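Engineer: the following block contains a protein sequence and its predicted model.
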Amino acid sequence: MSLDTIISFQDVPVFQKESLILSDVTFNLEKGEFLYIIGKTGTGKSSLLKTIYAELPVTAGSASVAGYDLRTVKRKEIPFLRRKLGIVFQDFQLLTDRTVFDNLLFIMKATGWKDKRKIGERIQDVLEKTELGTKGFKMPHELSGGEQQRLGIARALINDPEVVLADEPTGNLDPESSHGIMELLFEISKSGRAVIMATHDYSLFQFFKARTLVCEDGKLVSSVS
């Protein structure tokens, strides 16, 4: 394991309640690396992501994420672990009753930001990075699907995470919007953040090549990129 390794799993079983979903999960992720986790629906992609962000416990093997040992992490430490992770969901999970700006403000207040000037600057910065710089006053329903997912990515970036976890981020988007989201996620990885993207959309790979791991038959195995 190198100093640039941000996630390391060794022989980790992934459970959903009592059911073993994946056995002996072993992989490393380096800073600035883009990694696909692919597989059919129900093969364990989302369960693996939930294990990474400590929604599902690690009961055997060894697992570290952004300096936290998932075997020994205490419940009160999990919010601090999650601040080092940005999570992007397929169904956006936006707050529909408030503006683009206020969606981001909500996260910042919840994670302890206090300085109004710094908050405003940070929100504008991530909106510019996600090409929503002029959309801060809009409500989520006034955005296209692609723009709503860009807002989901902006929210994931707001606390300057070390890793972005994207769970089927193009699942609800048309091909053109999907390509825009993929370009944005690859730009994020080039800026030094690691990105893990779970997907079953194999059409993306011909345009956006990266290391790929496959969930199949209860295992996580390497695929030829």
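Structural biologist: That came in fine, so what should we check first? Numbering: from 1, shown residues only.

Engineer: so what touches the helix ranked longest in the chain?
Structural biologist: Criterion DSSP state H: the longest helix present in the chain is helix 175-190. Applying CB atoms under 8 Å, 6 or more residues apart in numbering, the contact partners of helix 175-190 are 32-34, 130-131, 144-146, 149-150, 153, 157, 164, 166, 169-170, 173, 195, 197, 201, 203-204, 207-208, 210. C-beta: built from backbone N, CA, C; applies to glycine.

Engineer: again, only using 6 Å
Structural biologist: 32, 34, 145-146, 149, 164, 169-170, 195, 204, 208 (CB atoms under 6 Å, 6 or more residues apart in numbering).

Engineer: Gly86 reaches Val164, doesn't it?
Structural biologist: Yes: with contact defined as CB atoms under 6 Å, Gly86 counts as touching Val164 (4.4 Å).

Engineer: quick check: neighbours shared by these two?
Structural biologist: Contacts common to Gly86 and Val164, judged by CB under 6 Å, 6+ apart, are Ala156.

Engineer: which one's more surrounded, those two?
Structural biologist: Using other CB atoms under 10 Å as the criterion, Gly86 and Val164 rank with Gly86 on top: 25 against 22.

Engineer: look at the more buried one and give its secondary structure.
Structural biologist: strand (DSSP: H, G, I helix; E, B strand; the rest coil).

Engineer: what's the pLDDT at it?
Structural biologist: Note on Gly86: pLDDT of 93.

Engineer: helix or strand: which one has the closest residue to it other than its chain neighbours?
Structural biologist: Excluding the flanking residues, the one nearest Gly86 by CB to CB, 6 or more residues apart in numbering is Ala156, at 3.0 Å. Using DSSP states H and E, the element containing Ala156 is helix 145-157.

Engineer: run through the neighbouring helices and strands of that helix.
Structural biologist: Packing partners of helix 145-157 (3 or more CB pairs under 6 Å, 6 or more residues apart in numbering; DSSP states H and E): strand 85-88, helix 116-129, helix 175-190.

Engineer: need these in CSV with distance to Asp4, can you?
Structural biologist: Formatted as CSV, these follow (distance: least, CB to CB, whole Å):
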stretch, distance to Asp4
strand 85-88, 17
helix 116-129, 23
helix 175-190, 13
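
Engineer: right, and the ones you listed - which one's nearest Ala110?
Structural biologist: Within the helices and strands packed on helix 145-157, the stretch nearest Ala110 is helix 116-129; the backing value is 12.1 Å (CB to CB).

Engineer: which residues in the chain form strands?
Structural biologist: 5-16, 19-30, 34-38, 62-65, 68-69, 85-88, 163-167, 194-199, 211-216, 219-223 (DSSP state E).
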